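Enquirer: pasting the sequence and the predicted coordinates here, then a few questions.
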Amino acid sequence: HKGKANISNSMTKLSCQRRQQVNHTAWRHPQKLARAAKRILLFNFILQFKGYKGLAALSPAIQEQTITSTGDETDVRNLQSTPAFQYLKFSYSNADENGPQNWHKINIEGNEWEKYQDTGSTYNLDRTKYNQCNDGRKASPINLRSDINCTATHEILTKDPRNNDCQIEDLNFRITPYSLRADFPEDSADCNIPTVDLPNGFPFLWDAIWMEIKVRSEHLVDGRRYDGELVIAHLGQERDNREVAFLSVLLDASAYEDNYKINTYISRWEKYAYQTEQRCGVSSMKAPNKLEYPDIPSEDFVLPDGQLLPPKPFPYDIWPTIYFYRYRGSLTIPPCTSMVNWRVFDEPLQISRRQMKKLANLINNYRDPETCKFATYASSVGETARPLQKFDYVDASIAHCTPENYAGEQGKSNK
């Protein structure tokens, strides 16, 4: 109802005003602090008596919708509040007690993978019940240096575009203490969830669950670390239901001009950060403009023999190439489970320095939506990359799928 929306909006504004008054007068006038607290309690009591819930009873999601109800309604849907799981308490700083050297001691109960544990025949990531951060086997990230020939029979296949495919408007954008996230809907009734068919295996599909950006890149290529890394995470089906596939794009901030597609993602993460500040009574950011995903079609991939591959559908249209490094590794945050089929594309995505600074600032200025305090896990130099792990070339291998050693038929069309 409009009346309730207006009352809720007034409550939010009043709360911000009261908070500012309390912060300004608390240390100087304790009596005023007590009177201000009584006024807020009285105001909540009156609203409850008239049938409205007090501000303290509002969930973070409702508070967020209250703020955005006066603006663009689509922003309410795409700006996700605190997730159902709790972020595990860890850090990327070696100086911290819960830094990378002590990740194996972290309590991983309540991690984000729990909802995929023991779920029958769909997904069964039961290994995420255990902390494997000190395991040392098949650990990620690593320095990518090929040691075997590629035996892939086809590139990473995607489905042909359909009318109800998930688009950027269907994603829920949020900022975590260590990354920028965009979650795909869990219910396929909302839109067709993106899927891929990986080479070297039965044609089982992998379902996309989220996209994530970290700074700097976690993987190195022949000893070079890039400015950032974008990962699209997928859950395996059928016989692969105990594993995940991470398709990784390295970010190279050396372009003179902005990448127009990356800008559309940045604008939505900026909107999330802005609304978090508004809810916390802070105003250090200007209201960002939401940019629409460009209708400019992606370019065809040109194969060495001159043959063209059709462009990939969203969100895979951001891939700079179809060639990649392949190895079996682990999650790069606790519980560090060794269950990841990594595909790291061998050509980076070009973005500008301005865009890179925005991405880094959004992560390093992460504000907890509940406490309103700065709470980033980034290291002292602003990075959220797990230290490089030692790769065991005896029990595992890295393949580099390139035009020169690609084993499969070149130029297969999308599935």
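Expert: Good, I have the coordinates. Residues are numbered from 1 along each chain as shown.
Enquirer: now do the residue nearest to the spatial centre of the chain, the pLDDT please.
Expert: What sits nearest the mean C-alpha location of the chain, by CA atoms, centre = their mean, is Arg181, with 2.1 Å. At Arg181, the pLDDT value in this model is 97.
Enquirer: residues contacting it?
Expert: By CB atoms under 8 Å, 6 or more residues apart in numbering, the residues touching Arg181 are Phe173, Arg174, Ile175, Trp210, Met211, Glu212. To be clear about C-beta, it is placed using only N, CA and C from the backbone, and glycine gets the same treatment.
Enquirer: ok, now with 7 Å
Expert: Neighbouring residues of Arg181 by CB atoms under 7 Å, 6 or more residues apart in numbering: Arg174, Trp210, Glu212.
Enquirer: where do the helices sit along the protein?
Expert: 2-25, 30-49, 60-68, 73-78, 260-279, 353-364 (DSSP state H).
Enquirer: worst mean pLDDT among those?
Expert: Across the helices of the chain, helix 60-68 gives the lowest mean pLDDT, at a mean of 32.
Enquirer: just the buried positions in stretch 321-337, please.
Expert: For stretch 321-337, the neighbour count (16 or more other CB atoms under 10 Å) marks 322-337 as buried.
Enquirer: rewinding a little: bridging residues for the residue nearest to the centre of the chain?
Expert: For Arg181, the beta-bridge partners under DSSP bridges are Arg174, Glu212.
Enquirer: how far away is it from Gly281?
Expert: From Arg181 over to Gly281 the distance is 24 Å, taken as CB to CB, to the nearest Å.
Enquirer: over to Arg367?
Expert: Distance, Arg367 to Gly281, by CB to CB: 11 Å.
Enquirer: between these two, point out the one with more neighbours.
Expert: The neighbour comparison of Arg367 against Gly281 (other CB atoms under 10 Å) goes to Arg367, with 20 against 16.
Enquirer: the nearest residue to the more buried one once chain neighbours are set aside and Trp269, how far apart?
Expert: Excluding its sequence neighbours, the residue lying closest to Arg367 (CB to CB, 6 or more residues apart in numbering) is Thr276, at 5.5 Å. Using CB to CB, Thr276 is found at 11 Å from Trp269.
Enquirer: now Ser379. Its backbone dihedrals?
Expert: Per-residue torsions, Ser379: phi -70, psi 180 (degrees, to the nearest 10).
Enquirer: list the contacts of the nearest residue to it once chain neighbours are set aside.
Expert: Counting by CB to CB, 6+ apart, Ser379 lies nearest to Tyr92, which is 4.2 Å off, once chain neighbours are set aside. If you count contacts by CB under 7 Å, 6+ apart, Tyr92 has them with Pro100, Tyr377, Ala378, Ser379, Glu383, Thr384.
Enquirer: farthest pair within those?
Expert: Maximum pairwise distance in the contacts of Tyr92, criterion CB to CB, is 12.5 Å, between Pro100 and Ala378.
Enquirer: neighbour count winner among those two?
Expert: Set side by side, Pro100 and Ala378 show more neighbours around Ala378, with 22 against 19, by other CB under 10 Å.
Enquirer: how near is the more buried one to Gly99?
Expert: 12 Å.
Enquirer: cool, Ile232 as well?
Expert: Ile232 is 28 Å from Gly99, by CB to CB.
Enquirer: compare the two (neighbour count), which wins?
Expert: Ile232 (24 against 16).
Enquirer: in the chain, what helix or strand scores lowest on average pLDDT?
Expert: helix 60-68 (a mean of 32; mean pLDDT, DSSP states H and E).
Enquirer: quick one: low-confidence parts of the stretch 101-250 of the chain?
Expert: Residue ranges of the stretch 101-250 of the chain with pLDDT under 70: 119-121, 200-203.
Enquirer: for stretch 116-129, buried residues please.
Expert: Tyr116, Tyr123, Leu125, Thr128.
Enquirer: of all these, which comes closest to Lys105?
Expert: Closest to Lys105, out of all of the buried residues of stretch 116-129 and judged by CB to CB, is Thr128, at 16.9 Å.
Enquirer: list the contacts for that closest one?
Expert: Thr128 neighbours (CB under 7 Å, 6+ apart): Asn111, Trp113, Gln117, Pro335, Thr337.
Enquirer: now it: closest residue in space, sequence neighbours ignored.
Expert: Trp113 (3.9 Å).
Enquirer: ok, now Trp342?
Expert: For Trp342, ignoring the flanking residues on the chain, the nearest one in space by CB to CB, 6+ apart is Gly329 at 5.0 Å.
Enquirer: next one: Lys138
Expert: Ser338 (4.2 Å).
Enquirer: wait, that neighbour sits on Gln132?
Expert: Yes. With contact defined as CB atoms under 7 Å, Ser338 reaches Gln132; the gap is 6.0 Å.
Enquirer: state the distance from the nearest residue to Ala360 once chain neighbours are set aside to Glu112.
Expert: Of all residues not flanking Ala360 in the chain, Val215 sits nearest, at 4.8 Å (CB to CB, 6+ apart). Distance, Val215 to Glu112, by CB to CB: 20 Å.
Enquirer: which of those two has more neighbours?
Expert: Per other CB under 10 Å, whichever of Val215 and Glu112 has more neighbours is Val215, with 27 against 20.
Enquirer: hang on, the more buried one packs against Leu359?
Expert: Yes. In this structure, Val215 is within contact of Leu359 by CB under 7 Å, at 6.0 Å.
Enquirer: now the common contact residues for these two.
Expert: Common contact partners of Val215 and Leu359 (CB under 7 Å, 6+ apart): Gly228.
Enquirer: distance of Lys390 from His400?
Expert: Applying CB to CB, the value for Lys390 to His400 is 19 Å.
Enquirer: which one's more surrounded, these two?
Expert: More crowded of Lys390 and His400, by other CB under 10 Å: His400, with 22 against 9.
Enquirer: and the nearest residue to that one once chain neighbours are set aside, what does it touch?
Expert: Using CB to CB, 6+ apart and skipping residues adjacent in sequence, the residue nearest His400 is Ser146, 3.5 Å away. Contact analysis of Ser146 by CB under 7 Å, 6+ apart lists Tyr325, Ile398, Ala399, His400.
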